[in-house]
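S.K.: no sequence for this one, just the structure:
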């Protein structure tokens, strides 16, 4: 990568200039198609990805083959998060939800920078804390909120990570993400659309009234987002 290249990944943009300059040569900018698996459970981690656009999900599977989303990510962090601990085998699947771009770094160079750069290491560890808060609130939401509230929360999280107001999603994909049957997703979409919060079309959802959608989501949304801002404020 050209040393003058400036990444639009929010995490990398926080690095002090001198630290950023040391990692740029190890970054490779790549295009990621919708549905691409950039890590697979039980397989070696070849690269660490810093998304610069698009959305992805961490997927977990039960022994019986059932699948659900554990977390969502975009340009605010990196994946697979297992790399932070020096784990060479991915513990989950990492799937790209929409057309995306990323700056990626080989797993071994990522580990080397973790050892050699105090600021890089500090930033990557802080990112894991932010992501763990999201995972904790995912668990809370799954336990306490109904499907429509969870869907509202999930759409808001996706909206945070894309430009504009359109999100490319199918009912089938949403049912996997929320671990519910497809008819439940359809019913919840009708509720949100009937209230004027969104417009649902084939393979696409448009956010029409963001503030009302947040109010509907109530305590299902907001705390992890505020914590992210707090964790990275005046870090360096």
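M.R.: In hand now; what should we look at? These numbers come from a predicted model, not from an experiment. Residues are numbered from 1 along each chain as shown.

S.K.: going forward, measure contacts between C-alpha atoms and count neighbours the same way
M.R.: Will do.

S.K.: by mean pLDDT, point me to the weakest helix or strand of this structure.
M.R.: Within the chain, judged by mean pLDDT, DSSP states H and E, the helix or strand with the poorest mean is helix 171-178; its value is a mean of 80.

S.K.: what comes up buried for that one?
M.R.: Of the residues in helix 171-178, those buried under the neighbour-count criterion (16 or more other CA atoms under 10 Å) are 171, 174-178.

S.K.: how about the residues you listed in a markdown table, adding distance to residue 221?
M.R.: Conversion of those to a markdown table gives the following (distance: CA to CA, whole Å):
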| residue | distance to residue 221 |
| --- | --- |
| 171 | 21 |
| 174 | 17 |
| 175 | 19 |
| 176 | 20 |
| 177 | 16 |
| 178 | 15 |
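
S.K.: need the strands for this protein, in chain order.
M.R.: Counting by DSSP state E, residue ranges of the strands within the chain are 28-32, 37-39, 47-53, 56-61, 67-73, 93-96, 100-106, 166-167, 198-201, 204-207.

S.K.: would you format those strands as a markdown table with distance to residue 137 and mean pLDDT included?
M.R.: Compiled in a markdown table, these are given as follows (distance: least, CA to CA, whole Å; pLDDT from 0 to 100):
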| stretch | distance to residue 137 | mean pLDDT |
| --- | --- | --- |
| strand 28-32 | 28 | 97 |
| strand 37-39 | 24 | 96 |
| strand 47-53 | 22 | 97 |
| strand 56-61 | 15 | 90 |
| strand 67-73 | 10 | 86 |
| strand 93-96 | 19 | 94 |
| strand 100-106 | 25 | 97 |
| strand 166-167 | 22 | 92 |
| strand 198-201 | 23 | 93 |
| strand 204-207 | 22 | 94 |
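
S.K.: for residue 131, find the nearest of those.
M.R.: Distances from residue 131 to each of these were compared by CA to CA, and the smallest falls on strand 67-73, at 8.1 Å.

S.K.: returning to that earlier point: return the member of the buried residues of helix 171-178 nearest to residue 102.
M.R.: Checking the buried residues of helix 171-178 against residue 102 with CA to CA, the nearest one is residue 177 at 21.9 Å.

S.K.: mind listing what's buried along stretch 57-64?
M.R.: Judged by neighbour count using 16+ other CA under 10 Å, the buried positions of stretch 57-64 are 57-60.

S.K.: run the chain-centre distance for the least confident helix or strand of the chain.
M.R.: Taking CA atoms, centre = their mean, to the nearest Å, the mean C-alpha location of helix 171-178 is offset from the chain mean by 16 Å.

S.K.: identify the residues contacting it?
M.R.: Among residues not part of helix 171-178, those counted as contacts by CA atoms under 8 Å, 6 or more residues apart in numbering are 67-69, 147, 150-151, 181-182, 184-186, 203.

S.K.: nice, that's everything, thank you.
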